[in-house]
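[1] coords please:
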Amino acid sequence: MRASHQDEEFRGRRADLIDEGLPETLRFRSTWREVKEMLVTAAETKTSRAVEDATTLLEHILEDEGWLEH
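    Numbering: from 1, shown residues only. Have a look, this model is predicted:
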């Protein structure tokens with residue numbers, strides 16, 4: 001299944017937020033670099049699997065670092 005153009009733009013904005021919205025101390029951690037790479041891959045490949053994988057990793061990182069409330 002291919003993602004829509006709107007989904008691609010949303011993923012691209014998420015990757016940009018990592019570059020522009022995170023402090024350098026977080027941005028250069030390996031986990032944030034990995035999720036950024038996965039978001040870029042999802043935007044390029046437009047496959048549902050890549051989108052799911054990137055989203056899952058992003059959610060885990062946000063939870064682990066206390067950005068999401070339970």
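
[2] alpha carbons only for contacts and neighbour counts from here, please
    Will do.

[3] Name the next helix or strand downstream of the helix or strand of the chain with the lowest mean pLDDT, please.
    The helix or strand of the chain with the poorest confidence is helix 5-21; it has a mean of 65 (mean pLDDT, DSSP states H and E). The helix or strand immediately downstream of helix 5-21 is helix 24-27, counting by DSSP states H and E.

[4] average model confidence for the helix or strand following that next one?
    Per DSSP H and E, the first helix or strand lying C-terminal to helix 24-27 is helix 30-45. For helix 30-45, mean pLDDT is 88.

[5] what about dumping the CA coordinates of helix 30-45 to PDB?
    This file holds the C-alpha atoms of helix 30-45, laid out as PDB (Å, rounded to 0.1, in the frame of the first residue of the first chain):
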ATOM      1  CA  SER A  30      21.700   7.900  17.900                       C
ATOM      2  CA  THR A  31      18.100   7.200  18.600                       C
ATOM      3  CA  TRP A  32      16.900  10.500  17.200                       C
ATOM      4  CA  ARG A  33      19.200  10.100  14.100                       C
ATOM      5  CA  GLU A  34      17.700   6.700  13.600                       C
ATOM      6  CA  VAL A  35      14.100   7.800  13.700                       C
ATOM      7  CA  LYS A  36      14.900  10.700  11.400                       C
ATOM      8  CA  GLU A  37      16.400   8.300   8.900                       C
ATOM      9  CA  MET A  38      13.400   6.100   9.200                       C
ATOM     10  CA  LEU A  39      11.000   9.000   8.600                       C
ATOM     11  CA  VAL A  40      12.900  10.000   5.500                       C
ATOM     12  CA  THR A  41      12.800   6.500   4.200                       C
ATOM     13  CA  ALA A  42       9.100   6.300   4.800                       C
ATOM     14  CA  ALA A  43       8.600   9.600   2.900                       C
ATOM     15  CA  GLU A  44      10.700   8.300   0.000                       C
ATOM     16  CA  THR A  45       9.300   4.800  -0.200                       C
END
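
[6] Give me the packing partners of it, helices and strands only.
    Packing partners of helix 30-45 (3 or more Cα pairs under 8 Å, 6 or more residues apart in numbering; DSSP states H and E): helix 5-21, helix 48-64.

[7] All set now, cheers.
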